Every structure is written in C-alpha cells, then in structure tokens.
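S.K.: Provide a 3D model corresponding to the input given below.
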Amino acid sequence: MDLDGGNKRVFQRLRGPPPDAKQPKVCYHWQAGRCNRYPCPFLHSELPPPTANGTSSKRSHGSADDSGFSGPRRNPNFSGASTWGGVRGGNKLIRKTEKLCTYWIQGNCTYGAQCKYLHSWSVGDGFSLLTQLEGHQKVVTGISLPSGSDKLYTGSKDESVRLWDCRSGQCLAVIGLGCEVGCMICEGPWLFVGVPNCVKAWNTQTSSELSLSGPAGQVYTLAVGNNMLFAGTQEGSILAWKFNAATNSFEPVTSLKGHTGPVVSFVVGANRLYSGSMDKTIRVWNLETLQCLQTLTGHTSVVMSVLCWDQFLLSGSLDNTVKVWVATESGNLEVTYTHNEEDEDNIFKAWTFSYLEYLVLGVIKLCGMHDSQGKPILLCSCNNNTVHLYDLPSFAERGKIFTKQEVRAIEVGPGGLFFTGDGTGQVKVWNWLPEAASSQPINGSS
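M.R.: Numbers count the residues shown, from 1 in each chain. The predicted structure follows:
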C-alpha cells in the first residue's frame with residue numbers, strides 16, 4: 001500500500017560530509033550493525049561531539065546522557081480544550097535520547113549491562129512485555145480479540161489469519177487466504193477480514209463463512225455502526241452492509257462517495273462515522289442519513305488513524321501530527337490542539353550502503369485505553385519503529401515501545417492487556433501493572 005497517497009515518502013538522500021584527513025570517519029556498516037571487516041579502517045564508535053574550541057571531547061561508554069526515558073508524570077485533569085498539551089510555552093518535557101542496541105537485537109552485545117544503548121523493547125514504567133507470538137512472516141495488519149472469547153485472531157500480509165490460545169500463547173490454526181489481509185475487526189460473534197475486492201465474514205460460534213463482494217481493490221479499514229458494517233476501499237468509496245437474520249446474510253445498503261483517494265481509517269462515535277483518507281481529509285458521515293456532514297482539511301498528508309475520546313476526535317497523519325478536534329456551537333469540528341513530535345524526532349536516520357537517508361516522521365496508528373489507575377492513555381505508533389504512550393489530555397509521555405519495524409496494528413484486551421503487531425510479523429502482548437479490575441478501551445479505529 002502506498003501510504004503517502006500516491007506521493008511516496010520523500011527521501012532526501014545526502015552524501016556525508018567531505019572527508020577530513022584530520023578526523024577519522026565512523027564506519028557506516030558498523031552503525032548499521034553489519035560490518036564484517038577486521039581490522040576495519042574506520043571507527044567503530046560514535047564520533048565524539050566537538051568542544052568549544054572545535055576539537056573533539058571523548059565520552060565514556062554508558063554515560064548518563066544516554067540513559068533511558070525520563071520526564072515528569074502528569075495526571076490528566078480534563079476541564080476543556082485548554083488542558084490539551086499541558087502547560088504550553090514553557091516547562092518543556094525533558095527527554096533523553098533512547099536507541100536500541102543493534103548487537104543486543106542480534107543477541108551478541110559484549111557490553112552487557114554496561115552498554116550505553118538500550119537492552120529493552122520499552123522504556124517507562126507501569127507496563128511490561130508479557131510474551132511474543134511468533135509465526136507471521138510479513139507485516140501484521142489486524143488484531144482482534146472477540147469479547148468473551150479466549151482466542152486471539154491476527155491477520156497479515158503473508159496471506160494468512162492465525163488463531164491463538166490466549167492462555168498458552170500457542171497458535172491453534174493457520175488459515176490461508178491466498179491474498180493479503182488489509183484489516184480485521186470483530187463485532188459480537190463475527191470476525192470481519194478485509195482482503196482485495198472482498199470482505200470475509202466468519203461466525204466464530206457457528207464456524208459459518210460469508211464473502212461480501214463489492215469492494216474495488218484492497219479493503220484497508222472496517223467499522224461497525226448503527227447495525228451496519230462499513231468498508232473503506234482502495235478506490236475511495238465506503239461500502240455499507242446490514243445483517244439480515246432471516247437469511248443469515250449481509251445485504252448491501254449503499255456506497256458512500258466523496259473521498260478522492262483510498263480510505264484507510266475509520267472510527268464510529270456519537271452517531272457519526274469518521275473516515276480518514278489518502279486524500280489528506282477526514283469526512284464526517286451521519287449514521288442515520290448516511291450523508292456527509294463535513295470535510296476536515298487540517299492535515300497535509302495521509303490521515304492514517306482516527307480515534308474518539310470523550311467529545312473529541314483525534315486524528316494521526318503522516319504529516320507528523322496528532323490533531324484534536326472539538327465541535328463548535330455550530331456543530332462543525334475545528335482543531336483545538338495539534339501535537340507534534342519533538343524536533344529531534346522529526347528526522348530519523350537509516351544507514352544504507354554509502355549514503356544516509358533522512359525520513360520524515362509520521363503517525364501510523366492511534367489507539368486508546370486506560371492504565372491500571374483508570375487514567376486515559378493514547379498509544380501512538382510512528383514510522384520510526386516506535387510506539388509512544390501519552391497521558392490524555394496533557395500528552396505527557398508515559399513511555400515508549402521499540403520494534404524492529406513499524407507497528408501497524410494495536411488492539412486492547414481485558415484487564416489492562418494490549419497487543420502490537422509490527423512489520424516483521426511479530427505480535428507482542430503487553431499489560432499495565434498492576435492489573436486493573438477493568439480497563440475499557442477508548443473507542444478506536446480499525
């Protein structure tokens with residue numbers, strides 16, 4: 001899927017600085033974790049920062065400047081739009097740089113506890129990694145946990161759906177589809193899977209299977225509202241079906257037109273369907289009349305995810321922002337707060353062969369839940385292989401999750417559980433500590 005709406009991510013490839021005979025160069029193969037030259041003529045360490053007189057000052061391995069996450073914790077005290085983003089114009093959160101140890105990921109870091117880079121898939125406290133589910137060979141695009149069930153379903157671009165036992169973590173079944181899974185949701189006993197030109201519907205109680213035809217191209221997002229199933233398609237339309245219990249079938253209702261690019265995100269809230277698209281807009285649909293009430297145009301790139309919390313709509317985009325929308329007296333939605341990632345995170349580096357790529361940071365997925373104290377938390381996945389955890393409404397950072405490749409799927413479970421699925425096919429199971437008696441998800445997108 002072209003995640004930038006036909007405009008592929010902009011890569012500004014810059015050659016490194018001209019060689020300086022007085023200063024050794026850092027081995028870019030070493031920085032990428034794959035140098036096999038011995039001896040290597042270049043440095044296998046980061047270049048020390050310059051001092052005031054222009055010379056270099058060495059820094060000891062494992063210095064305090066390279067430690068993990070730090071920053072104040074704030075309790076969300078919601079009293080209106082003015083509380084979004086906490087205190088503005090001052091008291092900026094102090095954040096330290098975190099970086100995963102490449103050698104630790106490969107299982108051969110010789111520094112051990114003395115390594116200045118992270119030997120952990122997360123920073124921050126209050127949550128922990130329970131287990132990892134291995135099996136998918138490509139990016140995980142959907143995770144579903146039917147209510148009242150002890151089974152977890154995951155879908156992937158490896159053309160399969162896997163069924164997992166939540167108690168043992170064992171894979172119970174692999175369902176080959178012969179085509180990529182674009183998305184997945186569950187509603188009651190039904191599991192819906194979006195694939196090219198079709199939506200597959202499985203009744204997990206009766207094992208019956210239906211195929212809903214009509215979509216053109218890949219189905220990227222699904223949602224259920226007002227007893228209707230909605231599918232966002234590659235060609236930009238939104239198809240709707242309603243279940244007929246008498247015939248045990250889903251009957252087409254309508255096709256909603258308006259988007260000029262693929263529809264990639266949905267959320268249902270307050271009798272509205274919100275659809276995000278590669279055309280950089282969000283459309284607001286009335287679930288009773290199925291008419292478009294408003295088109296939101298605040299983003300400058302693909303709207304990858306939409307989320308409802310309280311009376312607010314949150315939207316995440318590849319333009320590196322999370323926007324918070326609130327209804328005015330006229331009923332129209334307007335932006336009341338825009339969250340940008342820190343400047344130092346706007347550009348992240350990926351070493352490839354003989355040049356450096358600078359990639360613009362973007363938001364891929366939003367998901368909401370409550371922590372063990374019942375405080376609302378926003379999970380924000382970015383395309384630099386991280387998931388940020390923020391308090392709402394302050395956006396104070398609670399922690400960060402690191403992955404080998406970007407997380408496309410996040411799902412909330414009971415008792416403080418949540419699941420992430422990344423580009424390698426790995427599904428991780430996390431939980432908040434201590435476990436809460438109830439951890440209700442914020443109404444999230446598919």
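S.K.: please name the nearest non-neighbouring residue to residue 214.
M.R.: residue 239 (5.1 Å; Cβ to Cβ, 6 or more residues apart in numbering). The C-beta positions use only the backbone N, C-alpha and C, and glycine is treated the same way.
S.K.: and the strand or helix carrying that neighbour, what does it pack against?
M.R.: Taking DSSP states H and E as the criterion, residue 239 maps to strand 238-244. Using 3 or more Cβ pairs under 8 Å, 6 or more residues apart in numbering; DSSP states H and E, the elements in contact with strand 238-244 are strand 228-233, strand 249-256.
S.K.: now do 10 Å
M.R.: Packed against strand 238-244, as judged by 3 or more Cβ pairs under 10 Å, 6 or more residues apart in numbering; DSSP states H and E, are the following elements: strand 198-203, strand 209-213, strand 219-225, strand 228-233, strand 249-256, strand 263-269, strand 272-277, strand 282-286.
S.K.: out of those strands, which comes closest to residue 118?
M.R.: The closest approach between residue 118 and any of the helices and strands packed on strand 238-244, judged by Cβ to Cβ, belongs to strand 263-269 at 30.5 Å.
S.K.: got the angle between the closest one and strand 219-225?
M.R.: Taking axes from the mean of the first three to the mean of the last three Cα atoms, to 10 degrees, one finds that strand 263-269 is oriented at 10 degrees with respect to strand 219-225.
S.K.: how far is strand 263-269 from where the chain is centred?
M.R.: 14 Å (Cα atoms, centre = their mean, to the nearest Å).
S.K.: rewinding a little: for residue 170, find the nearest of the helices and strands packed on strand 238-244.
M.R.: With Cβ to Cβ as the criterion, residue 170 lies closest to strand 198-203 of these, at 20.1 Å.
S.K.: give me the contacts around the closest one.
M.R.: With Cβ atoms under 10 Å, 6 or more residues apart in numbering as the test, strand 198-203 has contacts from 153, 155, 161, 175, 177, 179, 181-184, 186-194, 208-215, 218-219, 222, 229-231, 233, 239, 241, 243, 248-250.
S.K.: closest to residue 401 out of the helices and strands packed on strand 238-244?
M.R.: Closest to residue 401 of the helices and strands packed on strand 238-244 is strand 263-269 (Cβ to Cβ; 20.5 Å).
S.K.: what pairs with that closest one, parallel or antiparallel?
M.R.: Sheet pairing of strand 263-269 (DSSP bridges) gives strand 272-277 (antiparallel).
S.K.: could you dump the helices and strands packed on strand 238-244 to a markdown table with distance to residue 119?
M.R.: Compiled in a markdown table, the helices and strands packed on strand 238-244 are given as follows (distance: least, Cβ to Cβ, whole Å):
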| stretch | distance to residue 119 |
| --- | --- |
| strand 198-203 | 41 |
| strand 209-213 | 45 |
| strand 219-225 | 36 |
| strand 228-233 | 40 |
| strand 249-256 | 49 |
| strand 263-269 | 34 |
| strand 272-277 | 37 |
| strand 282-286 | 40 |
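S.K.: tabulate the ones you listed (JSON lines), appending mean neighbour count and mean pLDDT.
M.R.: Rendered in JSON lines, the data for the helices and strands packed on strand 238-244 read as follows (neighbours: other Cβ atoms under 10 Å; pLDDT from 0 to 100):
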{"stretch": "strand 198-203", "mean neighbour count": "20", "mean pLDDT": "95"}
{"stretch": "strand 209-213", "mean neighbour count": "13", "mean pLDDT": "94"}
{"stretch": "strand 219-225", "mean neighbour count": "24", "mean pLDDT": "98"}
{"stretch": "strand 228-233", "mean neighbour count": "25", "mean pLDDT": "98"}
{"stretch": "strand 249-256", "mean neighbour count": "15", "mean pLDDT": "95"}
{"stretch": "strand 263-269", "mean neighbour count": "26", "mean pLDDT": "97"}
{"stretch": "strand 272-277", "mean neighbour count": "26", "mean pLDDT": "98"}
{"stretch": "strand 282-286", "mean neighbour count": "21", "mean pLDDT": "98"}
